[in-house]
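# structure for the following, please:
(chains A, B, C and D)
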Amino acid sequence: MPGAECQVPNDGSVTGAAGVPQSTIRDPQSTIPQETFVLNLGPQHPAAHGVLRVLMTMDGEWITRAEPVIGYIHRMHEKMGENRTWAKFLPNTSRIDYLSAMHYTHAFVGAVERGAKIEVPPRAEYLRVITSELNRIASHMVWWGALLSDLGGLTPFLYAFDDRELILDLLEGLCGARLTYCYYRFGGVCNDADDDFLRGCRQFVRHMPARLKLYHDLVTGNIILRKRLEGIGPISAEMCRKYGATGPVIRGAGVAYDVRRVEPYSIYPQFDFEIPTFPQGDSMARYLVRMAEMEQSLRIIDQALDKIPAGPVMGKVPRVLRLPPGDYCYAVEAARGRFLVRIVSDGKDVPYRVRLRTPSFSNLSLFEEASRGMILPDALAMMGTLDLVIPDIDR
Amino acid sequence: MNETSTGDLIYIFTFLLGGLAFAFGPFILVYLLAPRGTRNTVHKTGQYIECGMDPIGDAWIRYSAVYYLYALVFVAFAVDVLYLIPVALVYGRDFAVRDFVELLIFVGILSLVIVYAWKKGVFAWKRR
Amino acid sequence: METQVDTSKIVKFAKLEDVLALGRAYSLWPLTFGLACCAIEMMATGMARWDLARFGAEVFRPSPRQADLMIIAGTVNKKMAPAVKLLYDQMLEPKWVMALGNCAISGGPFVYPGQYAVVEGVDQLFPVDVYVPGCPPRPEALIEGILKLEEKMTGKRRFPVAKLQK
Amino acid sequence: MNPTLEQLCEQFGRLVGPAPAASAAPAAPPAPGPVQRTDHAAKGYDLDVSVAPLQVVMAAEILDRSGFGLDAVTGVDWLAQGQMEVVYDYFHPTTPLRVAVRTRVPRAQPEVPTITAIFPGANWHERETHDFFGLVFTGHPNLKPLLLPEDATFHPLRKDYQS
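Purely as a prediction, here's the structure:
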């Protein structure tokens, strides 16, 4: 890891569980009467990354209980799944988590292909992997900019969006949209990649490592960031498992759980890439996991660009798509964690039930327990490292 | 009262008037020029801003003492600066090293406040 | 809908109004009010490549007291509607509202018979000045929306519209 | 220490009780046993267990002991059969095993015991399923609407929901 070893803060303060400085934990023996006030870090707040409301019962600056209230951008995706045909639900999938729209479409398309036994030609699989990994890098960049703007540094946002625009141009050339691509179809992808897309990807993959090193020099070694993130918001592997938190949250707690590796789908087994994990389980570990993940995604894109075969990009799909009755699941490693689509079909051309298990929903559900006793700025720094997208929580 | 003193009085009086005008002028201007109300839908224009939600409970509660002690250290140094202002006025006239040493002693004694607060653990920001 | 509050002024000078309108138009302070996908495009517009700062609108203020333009960037649903109305109230006159994206204009892709959660169009809550269609609208569309708002405030358009060669 | 499919089948077999005695009429296809192995490539999960509503907690305990994590709680409203189905998805952080525990309750009286004590993550999942289906999770600490407005009394994902 370039230049980013993190050690427990050694400023002599007694450390609580997993290296949390004692000062941020309320010592139980304190005798002052419990006089708290309720602050709601409401729907419209810069650090809420959207319309998340957290009801914080505060004792001075220390949080005694932070209860997230969600539902302010509930958009009925699951209800819409039940009254439109399979193909008409595709645009919805890229509006659940608009920062990793490709992964969500990949999961829905995969589940339907699994049900209807549709074959996907190899070139389409490669295009899916390339666009998914590009989307993961773009999503991690928005997270990186947003996290640092939460901690007060506003310039990294400009750097991050600068490079993200390169990815958006590539994907816009391919699928016509900047954010809510509806690029995958049942049985393949809708538009073949021409040469300048592949050349653009190659150029991006060569250009990006230098930029990532710049990010590390600019931010990761910065003492302010290390003091703000190291030892803050410890989330143990057991808590991740109990709450179902996945993605960089569980990989930051030392468990190498990545759906691409543990439950392989599409053609990911053909690529060799590591799953970066950091055992500390604090906010710094989650930060480093995502930074390392961007490099791994670049490696995957590089290998996919080498091995992409020629050939058709659309498989054979019946005109009216009907799935045999039963339920089918498909899990995908989205930028924020494990995204599972569970489809229940009763044989008609309209799904009977579409269940979307989104990663941010479970990642946020542990916030109440993880943020108890912390001071407010640390709790917001930890929420930044959970990388939440609120429509992904409310669906 | 010879005319020089009345001149001074007038001078002070106009200066006072200028200050007041400078202070209250914008209020009057705004009252005249700015629109008086604002369009509202739930008539809560004057409510405290809390991220789009109605504030819950009251904020006038007993805070932990850490903030109070922090403010005390600030007050100690505010008084310190208060004494330094007259010194600064006469400091440069016929300078002697003695003045500088005196100043150092004065500030040194007053900075003991920080040492005392440090020992009492005010800066450790632990909850009392 | 909102009551008719008399927002007229006591003293009005024509030239002063023009100067004030010019000043307000070229330094619009939007309220950070990102709801969904359009918020990401709004952020991208504020960044280096599309550079909303060229039009003076790059200062995104979190507090409604300091903002004079509310950009509704995303879907307003029925649980969020009271909060949106409260923020609209707390903004001070003169204030403008821009409905960014189809969800804010008419509920967008989430309108179907039997939908129970989305407010179909923000103009049901309060008057909207500029509508910017798109899902999400491109950054150029947001900038065009800001130029259109400036034209509404000052009466003349700042940049000439590109004329198609015959 | 990773659990294997066989161990799980055996534990669930004990939980669900002996498989129904070989049905007398061999012609009738034996009712699919409560514990079924499914092909991951075709269905997306490896083990499909149907349990009675009250055994849901014990199933959760078995899986918790084997190190599984709760993935999702899915409600399905089978209006035609007058039943509501609750499917619990479990994933395992280190092995590719995927287990789906399903149970059916009558639509008139949809009650399922909560598993929040074992998996705190289920708290929100169950609140959401209660929001959309009106399924009452007995013993749930705070069964208020989660995604719907606080005063919502309608359950939109029910098949007979008229907005």
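# now check stretch C:111-125, is it near chain D?
Yes. With C-beta under 8 Å from any C-beta of the partner chain as the criterion, chain D is reached by stretch C:111-125 at C:113-117. (C-beta placed from N, C-alpha, C; glycine too.)
# so which of those residues is the most crowded?
The residue in these with the most neighbours, by other C-beta atoms under 10 Å in any protein chain shown, is C:A117 (23 neighbours).
# so that one touches C:N77, yeah?
Yes. Here C:A117 reaches C:N77: they are 4.7 Å apart, a contact under C-beta atoms under 8 Å.
# which neighbours do the two share?
The contact sets of C:A117 and C:N77 overlap at A:74-75 (C-beta atoms under 8 Å, 6 or more residues apart in numbering or on different chains).
# quick one: residues contacting the closest residue to chain A within chain D.
Using C-beta to the nearest C-beta, the closest approach of chain D to chain A is made by D:G44 at 3.0 Å. Listed by C-beta under 8 Å, 6+ apart, the contact partners of D:G44 are A:111, A:114, A:328-331, A:342, D:98.
# take these and keep only those in helices.
Helix and strand membership here follows DSSP state H; of the contacts of D:G44, those in helices are A:111, A:114.
# circling back to that earlier point, can you count the residues close to the residue nearest to the residue of chain D closest to chain A when sequence neighbours are not counted?
For D:G44, ignoring the flanking residues on the chain, the nearest one in space by C-beta to C-beta, 6 or more residues apart in numbering or on different chains is A:C329 at 3.0 Å. Neighbour count of A:C329, defined by other C-beta under 10 Å: 27.
# wait, B:Y91 sits on B:E102?
No. The criterion here is C-beta under 8 Å, and B:Y91 misses it with B:E102 at 10.4 Å.
# please enumerate the shared neighbours of those two.
Going by C-beta under 8 Å, 6+ apart, no residue sits against B:Y91 while also sitting against B:E102.
# low pLDDT regions in chain D?
The model of chain D has pLDDT under 70 over residues D:1, D:18-32.
# contact residues of it facing chain A?
Counting by C-beta under 8 Å from any C-beta, the positions of chain D adjacent to chain A are D:40-45, D:67-72, D:74, D:76-77, D:87, D:89, D:91-96, D:98, D:100, D:119-121, D:123-125, D:132, D:145-149, D:156-157.
# out of these, which are buried?
Of all those considered here, the ones buried according to neighbour count by 16 or more other C-beta atoms under 10 Å in any protein chain shown are D:40, D:43-45, D:67-72, D:74, D:76-77, D:87, D:89, D:91-93, D:95, D:98, D:100, D:119-121, D:123-125, D:132, D:145-149, D:156-157.
# and those residues, which of them are in helices?
Per DSSP H, the subset of these in helices is D:40, D:43, D:123-125, D:132.
# so which pair among those is furthest apart in space?
For those, the farthest-apart pair by C-beta to C-beta is D:H40 and D:N123; their separation is 28.5 Å.
# any idea how far A:G188 is from C:K79?
When distances are taken as C-beta to C-beta, to the nearest Å, C:K79 and A:G188 turn out to be 39 Å apart.
# same thing with D:F119?
In this structure, D:F119 and A:G188 are separated by 38 Å, where distance is defined by C-beta to C-beta.
# okay then, goodbye and thanks.
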